[in-house]
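Participant: Here is my input, please return the structure:
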Amino acid sequence: MSKNYILLLETATDSCSAAISEGPNLISEKYTATPKEQAALLAPFIEELLSENSIAMEDIAAVAVSSGPGSYTGLRVGVSCAKGICFGKGKPLIAINTLAAIARSALDNGQAGDEKDFYIVPMIDARRMEVYTALFDSAGKQLTKTESVILNEHCFEKELGEKTVLFTGNGAEKFASLVKSDNAIFARQSPHASGMRILANEKLAAKKFEDCAYFEPFYLKDFVAGKPKKIIDELLLKGNGGKRGR
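Facilitator: Residues are numbered from 1 along each chain as shown. Here you go, the predicted structure:
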């Protein structure tokens, strides 16, 4: 009997995690909050998850990766690893918005307390008072497009006037000193691979896959730099089972 196992990879910010889900349910997850360890830990996390749960890579139905916005280097590590596995093992690739993963992780951890109807505003720190953000409802559905916002005291006034708003993610703390509304809740929440599982399962069921040959992370801003070739080569090599390939 086939299983809808999905390998979930999250490296978009300082943290790094990998998980395996079956349908919408989490089987296991590996996570570290140590910054800049994605390249060193992602492949070992994957190997440990498969071994500890007696799952072969051939049993994986798809690979889902947190696709941004986020850190340039972090995103490139995660996407390169995911594409390497998909190419090497013939698996479909699923992309999940990083903000959606943060919103779901916040819901999983009950960051809004007893609130039943509220907004979620995940924020990824960009620079100075700038964040990458979008608006989500209390079921984790994205309501607005992902955008870059320079924070000031007037941001999200409309939403705060309507209901409770949970501000979360590593950029939310910058906004806390500007907000005076009693409807604001602040909770620091890193993206977790486990936060991708529900959307990833929906995309697997709908066969909504990315083209591995052309898929790139969603940087949101233009990025000009050389590829971290050594890191990518190592991850592609692991993803291909140690064999050089496409």
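Participant: got any ranges where this protein has weak pLDDT?
Facilitator: 1-2, 221-246 (pLDDT under 70).
Participant: which residues of it fall in helices?
Facilitator: 38-52, 72-89, 98-108, 157-162, 173-176, 197-205, 229-239 (DSSP state H).
Participant: what would the ones you listed look like in a markdown table with distance to Val121 and mean neighbour count?
Facilitator: Placement of C-beta: from N, CA and C, glycine included. Shown next, in a markdown table, are the helices of the chain (distance: least, Cβ to Cβ, whole Å; neighbours: other Cβ atoms under 10 Å):
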| stretch | distance to Val121 | mean neighbour count |
| --- | --- | --- |
| helix 38-52 | 25 | 19 |
| helix 72-89 | 21 | 24 |
| helix 98-108 | 9 | 27 |
| helix 157-162 | 7 | 14 |
| helix 173-176 | 9 | 16 |
| helix 197-205 | 18 | 20 |
| helix 229-239 | 32 | 17 |
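Participant: In CSV, list those along with distance to Ala126.
Facilitator: What follows is these, written out as CSV (distance: least, Cβ to Cβ, whole Å):
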stretch, distance to Ala126
helix 38-52, 18
helix 72-89, 11
helix 98-108, 12
helix 157-162, 20
helix 173-176, 10
helix 197-205, 23
helix 229-239, 23
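Participant: wait, which of those is closest to Ile150?
Facilitator: Smallest distance to Ile150 across those (Cβ to Cβ): 10.6 Å, for helix 173-176.
Participant: Output the contacting helices and strands for that closest one.
Facilitator: Helices and strands touching helix 173-176, by 3 or more Cβ pairs under 8 Å, 6 or more residues apart in numbering; DSSP states H and E, are strand 118-127, strand 184-187.
Participant: List of residues touching that helix?
Facilitator: Met123, Asp125, Met129, Val131, Leu151, Cys155, Phe167, Ala184, Phe186, Arg188 (Cβ atoms under 8 Å, 6 or more residues apart in numbering).
Participant: ok, now stretch 143-153?
Facilitator: 69, 97, 99, 119, 126, 128-137, 155, 174-175, 178-180, 218, 220-221.
Participant: buried subset of the residues you listed?
Facilitator: Listed as buried from the contacts of stretch 143-153 are 69, 97, 99, 119, 126, 130-136, 155, 174-175, 179, 218; burial here means 16 or more other Cβ atoms under 10 Å.
Participant: could the helices and strands packed on helix 173-176 go into JSON lines alongside distance to Leu50?
Facilitator: Shown next, in JSON lines, are these (distance: least, Cβ to Cβ, whole Å):
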{"stretch": "strand 118-127", "distance to Leu50": "29"}
{"stretch": "strand 184-187", "distance to Leu50": "32"}
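Participant: Buried deepest among those strands, which one?
Facilitator: Among the helices and strands packed on helix 173-176, ranked by average contacts under mean count of other Cβ atoms under 10 Å, first place goes to strand 118-127 (a mean of 23).
Participant: how is the chain carved up into domains?
Facilitator: If you go by automatic domain parsing, the domain ranges for the chain are 5-98+192-239, 110-187.
Participant: now for these, which one comes closest to Arg104?
Facilitator: Of all the domains of the chain, domain 5-98+192-239 comes closest under Cβ to Cβ, at 3.9 Å.
Participant: Tell me how many other residues crowd Ala172.
Facilitator: By other Cβ atoms under 10 Å, the residues close to Ala172 number 27.
Participant: thinking again about what came up before, among the contacts of stretch 143-153, which are located in strands?
Facilitator: Counting by DSSP state E, the part of the contacts of stretch 143-153 found in strands is Tyr119, Ala126, Glu130, Val131, Tyr132, Thr133.
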